[in-house]
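Trainee: take a look and give me a structure for this.
(one chain, ligands or ions: 1)
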Amino acid sequence: MTPDGNAIRPLIAGNWKMHGRRADATALAGELARRARRAASAELRCELVICPPAPLLTVLADIVADSPVRLGAQDCHLSASGAHTGDISAPMLADAGCRYVIVGHSERRTDHGEGDDTVRAKAEAAHAAGLVAIVCLGETEAQRAAGETLAVVDRQFRASLPAAATAANTVIAYEPVWAIGTGKVPTAAEIAEVHAQLRTLARGRVGDGDRLRLLYGGSVKPGNAAEILRIANVNGALVGGACLQAGDFWAIARSCP
Ligand code: PGA
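Mentor: You can find the predicted model right below:
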């Protein structure tokens, strides 16, 4: 709950990563859209977003149209257009039907050498295109072992967020790198500690920071979602592996308190 007593509507986002062909992607998105259309609001207490690979965006935009399922992309370029072979701009994603875009995922930071400055520029590009940026951050296993988790998260938050970030145009996803795709999950106390710090940072640096959605990501499954989503200042989840089965993703969405 925020100080004004309004609960933040949780966000459950599925990061499909580099998975999906037209046939299975259409079936998965179609099944989620069907369930979401049928669900009463008491049953679906969250906003539901799918982030498929870019070639599927326009196909799936039609599939989820007129349903509560929203579309997101997994990355964008920091320029609106130009000579950038292979890249995709935020205005193109908006044009394809996206409302969200993930920026700064640890796989982008690692595989493509993206630092906080690049992530911030991408979030700015997303905002300029009218998209909500889901900004990812989180410590490595070595950083946690060295007791640096809060310092790393603090630094990434300050450096990765545009000055104009608000609760309306930005979502934070705390994803410990060592928890992504490993089946390892921090304890509830460890997640609570980081999210409490993120809330304090949000209040100081983000417009309407009390309402900024703070997601947890990293090995969220149907079996642990309810416990994670009950933790203070956890306002949803960014889900990788478990979002590729409609039943599992739906079960996670249904776990929102
Ligand atoms: P995972 O991935 O749920 O498979 O751990 C999460 C993510 O990378 O966003």
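Trainee: neighbouring contacts of stretch 20-32?
Mentor: Outside stretch 20-32, the residues that touch it by CB atoms under 8 Å, 6 or more residues apart in numbering are 16, 48, 50, 52-53, 56, 59-60, 63-64, 67, 69, 244-246, 249-250. Any C-beta I mention is one placed from the backbone N, CA and C, and that applies to glycine too.
Trainee: could you redo the last one with a cut-off of 7 Å?
Mentor: 48, 50, 52-53, 56, 59-60, 63-64, 69, 246, 249-250 (CB atoms under 7 Å, 6 or more residues apart in numbering).
Trainee: out of those residues, which sit inside helices?
Mentor: If you go by DSSP state H, the contacts of stretch 20-32 have 59-60, 63-64, 246, 249-250 in helices.
Trainee: now these in a markdown table, with neighbour count?
Mentor: Below are the ones in helices among the contacts of stretch 20-32 laid out as a markdown table (neighbours: other CB atoms under 10 Å):
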| residue | neighbour count |
| --- | --- |
| V59 | 15 |
| L60 | 26 |
| I63 | 21 |
| V64 | 21 |
| A246 | 18 |
| F249 | 25 |
| W250 | 20 |
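Trainee: could you dump the residues you listed to a markdown table with pLDDT?
Mentor: Formatted as a markdown table, those follow (pLDDT from 0 to 100):
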| residue | pLDDT |
| --- | --- |
| V59 | 97 |
| L60 | 98 |
| I63 | 97 |
| V64 | 97 |
| A246 | 98 |
| F249 | 98 |
| W250 | 97 |
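Trainee: which of those residues sits closest to the ligand?
Mentor: F249 (10.6 Å; CB to the nearest ligand atom).
Trainee: need the contact list for the residue in the stretch 1-150 of the chain that the ligand sits nearest to.
Mentor: Per CB to the nearest ligand atom, N15 is where the stretch 1-150 of the chain lies closest to the ligand, at 4.2 Å. Residues in contact with N15, defined by CB under 7 Å, 6+ apart, are 51, 74, 102, 238-240, 243.
Trainee: what about V220, which SS state?
Mentor: coil (DSSP: H, G, I helix; E, B strand; the rest coil).
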